[in-house]
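Chemist: The following comprises the amino acid sequence and a computationally predicted model.
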Amino acid sequence: MRMVTRIVGAVVAGAGLMAALAFNATAAPRFVTGTVDANGGLNGRIAPSTHTAKNYLFKNGSKISIDCRTKGTIVRGNAEWYLVAAEGDANWVSAKYVDLTGPAPRWCGDSGETISVKITKDVYSRQGPSTEDKKRRLQHAGGGQEVLCYVYTAPGGSKRWVVTLEDGWVPASAVKTSKEIPFCQG
């Protein structure tokens, strides 16, 4: 009788897991759509910071496909930024000026795995990936962090910043790891 109960329990649990996976797949589609709500348009930037170069202007009312979201420069009380899914250059836009059509996009670098890094020199973590973004906390050489992914903050990919799990952004030049850090995308 116990064996039958275990088998039935395993089948029910397996069905529940499959239902949960199906629900998650439905709840977090690959791309989420939104509409730009910004008089004069919304600047697409090369990284999630108002201190990085503009590389595109999305017209007010434009429909956009969003790959993922991350934290960056706080814009009118909102720290979230969206990576707009498009061919070519990365276009990051402040979530403050996007009305989502469906559920919130998944977090960038949300593969379920973080990458351990060592801080190689004293450096401040920042609100966004720029030295012009507000300082968050001093990271000391020899300390450890968990990072999710990186972005480029200069045209041509000459500067990289990594987003940590809890402390914001640090320059990639201030971290060392034996694993490859992925680009921030969904």
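Modeler: Thanks, I have the structure now.
Chemist: just how off-centre is the lengthiest strand in the chain within its chain?
Modeler: What stands out as the longest strand in the chain, according to DSSP state E, is strand 63-75. The chain centroid and the centroid of strand 63-75 are separated by 8 Å, computed with Cα atoms, centre = their mean, to the nearest Å.
Chemist: What of stretch 74-90?
Modeler: Using Cα atoms, centre = their mean, the offset of stretch 74-90 from its chain centre is 9 Å.
Chemist: repeat for stretch 161-174
Modeler: Put simply, stretch 161-174 sits 12 Å off its chain's centre (Cα atoms, centre = their mean).
Chemist: Can you show me the CA trace of that stretch as PDB?
Modeler: The C-alpha trace of stretch 161-174 is given here as PDB (Å, rounded to 0.1, in the frame of the first residue of the first chain):
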ATOM      1  CA  TRP A 161      30.300  47.300 -16.000                       C
ATOM      2  CA  VAL A 162      28.800  44.300 -14.100                       C
ATOM      3  CA  VAL A 163      25.600  44.300 -12.100                       C
ATOM      4  CA  THR A 164      25.900  42.700  -8.700                       C
ATOM      5  CA  LEU A 165      23.200  40.700  -7.000                       C
ATOM      6  CA  GLU A 166      22.700  43.300  -4.200                       C
ATOM      7  CA  ASP A 167      25.000  46.300  -4.400                       C
ATOM      8  CA  GLY A 168      24.400  47.900  -7.800                       C
ATOM      9  CA  TRP A 169      27.000  48.300 -10.600                       C
ATOM     10  CA  VAL A 170      30.800  48.000 -10.500                       C
ATOM     11  CA  PRO A 171      33.400  48.400 -13.300                       C
ATOM     12  CA  ALA A 172      34.400  45.100 -14.800                       C
ATOM     13  CA  SER A 173      38.000  46.200 -14.500                       C
ATOM     14  CA  ALA A 174      37.600  46.000 -10.700                       C
END
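Chemist: So for that stretch, what gets flagged as buried?
Modeler: 161, 162, 163, 164, 167, 168, 169, 170, 171, 172, 174 (16 or more other Cβ atoms under 10 Å). Yep, even glycine has a C-beta here, placed from its N, CA and C like the rest.
Chemist: can you name the two of the residues you listed that are farthest apart?
Modeler: 167 and 172 (14.5 Å; Cβ to Cβ).
Chemist: Break down this structure into its helices, ranges please.
Modeler: 2-27 (DSSP state H).
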